[in-house]
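# model this:
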Amino acid sequence: MRIGLILLSVFFCVGLIGCIKHDSIAEQAPEETAEKEADTEQWDQVFLQRIETEMKKDQRDFTLSLQDGSSFAGKEKDGEWNLTSTDTEKEESIKAVQEDGMIKLTRGDQTEELSTRQFGLVAPQDHFQLVRDSVQRVNKETKAGQDWYVVDLNKEDLGDKLGHWMGKPYDQGAASQASRKFIFQYRFQFDENHLRQMVIRVTSLEDSDANELVEYTFEPDK
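The predicted structure is shown next:
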């Protein structure tokens, strides 16, 4: 088994397959849709302003948590990033470093190099840009006293971006067709001055075992 599969199992889903906007499960009544349009426009503007603020930062520290319980300490600076596993109970540590367009992935004493296309989306900045460029609607909801921005992305835009990013033969529609098999959603929680959490939920419409949940927790600005 390739040593990259531990990370690629989730990042491939998020970066290569999961880049879609979920279709509505239930249609809203016309009056409900009209009533929410003003609020949606308001939250779009507020959310995009906050994302633009985050994208102007040249560095950030974060923790990346996967659905299987794995966690990684991450750092992003000047367009490059690194991840180091924090699971002390496991015998082999995992480290991924992105530099000069390539990713060096190390597990224990084994190392291999991967392209960014092979690895998928990892850097928060890449996720921010994807969301900013493809946002279709933003809703706001409160759970356990915390406000969350729930973001739907434009399916057509994402299909085009996904195919272009993956390259041939995917740029002729194969990637867009594959992406329709998943529901994909971003959720963001902000403190007063910075992003606190970003949660990415990928739900398969065909195989529940393929569902993934990825959570980024960001350290306060220094």
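# list the buried residues for stretch 103-114?
For stretch 103-114, the neighbour count (16 or more other C-beta atoms under 10 Å) marks 103, 105-107, 114 as buried. All C-beta atoms are positioned from the backbone trio N, CA, C, and that covers glycine.
# from those residues, which land in strands?
Members of the buried residues of stretch 103-114 lying in strands (criterion: DSSP state E): 103, 105-107, 114.
# turn the buried residues of stretch 103-114 into CSV, including pLDDT and distance to residue 65.
Converted to CSV, the buried residues of stretch 103-114 look like this (pLDDT from 0 to 100; distance: C-beta to C-beta, whole Å):
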residue, pLDDT, distance to residue 65
103, 87, 20
105, 88, 19
106, 90, 20
107, 85, 19
114, 82, 22
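# residue 219: which of those residues is nearest?
Using C-beta to C-beta, residue 103 is the member of the buried residues of stretch 103-114 that sits closest to residue 219, with 22.5 Å.
# list the contacts of that closest one.
Shown in contact with residue 103 (C-beta atoms under 8 Å, 6 or more residues apart in numbering): 96-97, 113-116, 118-119.
# any of those residues buried? List them.
Buried members of those, scored by 16+ other C-beta under 10 Å, are 96-97, 114, 116, 118-119.
# among these, which two are most distant?
The two members of the buried ones among the contacts of residue 103 with the most space between them (C-beta to C-beta) are 97 and 118, at 14.6 Å.
# so what's the residue count around the residue nearest to residue 94 when sequence neighbours are not counted?
Closest residue to residue 94 apart from its sequence neighbours, by C-beta to C-beta, 6 or more residues apart in numbering: residue 85 at 4.2 Å. Using other C-beta atoms under 10 Å, residue 85 is surrounded by 19 other residues.
# same question, residue 71
Neighbours around residue 71, by other C-beta under 10 Å: 16.
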